[in-house]
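1. give me coordinates for this.
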Amino acid sequence: MAASGAASAVVITVAQNGSGDYSTVQQAVDAVPFGNTRRTIIRLSPGVYRQPVYVPKTKNFITFAGLSPEQTVLSWNNTATKIEHHQASRLIGTGTFGCGSVIVEGEDFIAENITFENSAPQGSGQAVALRVTADRCAFYNCRFLGWQDTLYLHHGKQYLRDCYVEGSVDFIFGNSTALLEHCHIHCKSEGFITAQSRKSSLETTGYVFLRCVITGNGKASYAYLGRPWGPFGRVVYAYTYMDQCVRHEGWHNWGKCENERSACFYEYRCFGPGCCQSKRIGWARELMDDEAMQFLVHTYVDPDPQRSWLAQRMGIRIPYSA
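-> The predicted structure follows:
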């Protein structure tokens, strides 16, 4: 379902100094009605907002809009084993599922110029910055900061453009259908970039990295491109630069030889010192041109041209007050 145009959007302002409609992001989200059908732009004044944020189901068509991701940070420090939240666990869940600094369950969510951070230190285990369990969500010029399990693309369809994602272990994971375009992926230490959890060959889910850049900490050959959290995990890297941090073998079977028969791990016309097709493990492969086409277009996440949901960068169309 497409949202209404910017001219009819509702605009809510948040400022921690009291100059906005609300002083916390959660207060602004709480003001949006359940069953919302009108684009509601929550404009965030610069600052570090230290509070977990929950966007419930049916609070749809919400946009978080900041001036820049460096200036507008949503941060909390929950982990899978330590969750402090203003919502009950029966709503947000427990463990990895419930520990996100921001949890989005409302559909047609958009974020622009926002940082989502889990500030738990290295070694804290699973510590999610953002969990998305919602369809048709888009993120433009956002940052996702953390260590293990930074970005939980759990369910639905998501599009990320011009974003920065950092982490160490399984830091982009879940079972959504996601296209990351022109994004910067930064491997902070030894681990795995992706853990995609597709469970059946009949599922259409998977992660596509299109024209992205993968960087590391200066060391060589310490990060895997991914491992299959689900036996049919599907990940595609296309036209992506891989620096020396990427291990030459590329992919990991998660210690299960049977995953090698079902996981769908692909590359297509990637380049850089971490792109070594001759040394890749034998059960992942380079796509042929005709095979790759389905992953190189926006219809991968936006399949119906009559009901397109992309390119709704609503927040930036309404100027900030001087």
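2. what separation do you get for Ser68 and Gly191?
-> 28 Å (CB to CB, to the nearest Å). Every residue, glycine included, has its C-beta placed from N, CA and C.
3. neighbour count winner among those two?
-> Gly191 (19 against 13; other CB atoms under 10 Å).
4. gap between that one and Leu160?
-> Shown here: Gly191 relative to Leu160, a distance of 20 Å by CB to CB.
5. residues touching the closest residue in space to Gln71 that isn't next to it in sequence, list them.
-> Excluding the flanking residues, the one nearest Gln71 by CB to CB, 6 or more residues apart in numbering is Pro46, at 3.9 Å. Contacts for Pro46 (CB atoms under 8 Å, 6 or more residues apart in numbering) come out as 66-68, 71-72.
6. in the stretch 151-300 of the chain, which spans are helices?
-> Taking DSSP state H, counting those that start in this stretch to define them, one finds helices in the stretch 151-300 of the chain at 289-292.
7. surely Phe144 and Cys163 touch.
-> Yes - between Phe144 and Cys163 a contact is recorded at 6.9 Å, counting by CB atoms under 8 Å.
8. so between those two, which is more surrounded?
-> Phe144 (29 against 24).
9. partners of the helix or strand where that one lies in the sheet?
-> Using DSSP states H and E, Phe144 maps to strand 143-145. Within its sheet, and counting by DSSP bridges, strand 143-145 is paired with strand 115-118 (parallel), strand 164-174 (parallel).
10. give me the contact list for it.
-> Against strand 143-145 from outside (CB under 8 Å, 6+ apart): 69-70, 114-119, 129-130, 150-151, 163-167.
11. next, work out how far apart the nearest residue to Ile110 once chain neighbours are set aside and Trp76 are.
-> What sits nearest to Ile110 in space, not counting adjacent residues and going by CB to CB, 6+ apart, is Thr63, at 4.3 Å. Thr63 sits 21 Å away from Trp76, going by CB to CB.
12. next: Ala292.
-> Ala292 is 38 Å from Trp76, by CB to CB.
13. swap in Asp290?
-> 45 Å.
14. repeat that for Ala178.
-> 23 Å.
15. more neighbours: those two, which one.
-> Remark: of Ala178 and Trp76, Ala178 carries more neighbours, 27 against 24, as counted by other CB under 10 Å.
16. ok, that one - contacts?
-> Per CB under 8 Å, 6+ apart, neighbours of Ala178: 153, 157-160, 206-208, 301.
17. mind putting these into TSV with distance to Ala263, neighbour count and pLDDT?
-> Below are the contacts of Ala178 laid out as TSV (distance: CB to CB, whole Å; neighbours: other CB atoms under 10 Å; pLDDT from 0 to 100):
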residue	distance to Ala263	neighbour count	pLDDT
Leu153	17	26	98
Lys157	21	24	98
Gln158	21	25	98
Tyr159	24	23	98
Leu160	22	28	98
Gly206	11	23	98
Tyr207	12	28	98
Val208	15	25	98
Val301	21	23	97
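18. does the closest residue to Ser101 other than its chain neighbours have beta-bridge partners, and which?
-> Nearest non-adjacent residue to Ser101, counting by CB to CB, 6+ apart: Trp76, 3.8 Å away. For Trp76, the beta-bridge partners under DSSP bridges are Asn118.
19. low-confidence stretches in this protein?
-> The chain contains residues with pLDDT under 70 at 1-7, 311-322.
20. that older thread, which other residues reach the strand or helix carrying the residue nearest to Ile110?
-> Using DSSP H and E, Thr63 sits within strand 62-65. Residues outside strand 62-65 that contact it (CB under 8 Å, 6+ apart): 9, 25, 29, 32, 36, 39-44, 55, 74, 106, 108-114, 314-316.
21. hang on, the earlier thing: what distance do you get for the residue nearest to Ile110 to Leu44?
-> For Thr63, the distance to Leu44 - CB to CB - is 10 Å.
22. equivalent analysis for Leu67, please.
-> Going from Leu67 to Leu44 by CB to CB gives 8 Å.
23. give me the more crowded residue out of these two.
-> Applying other CB under 10 Å to Leu67 and Leu44 shows that Leu44 carries more neighbours, namely 28 against 16.
24. need the contact list for the more buried one.
-> Per CB under 8 Å, 6+ apart, neighbours of Leu44: 14, 25, 64-66, 72, 114.
25. repeat that for Ala129.
-> So Ala129 contacts 100-102, 116-118, 144-146, 150-151 (CB under 8 Å, 6+ apart).
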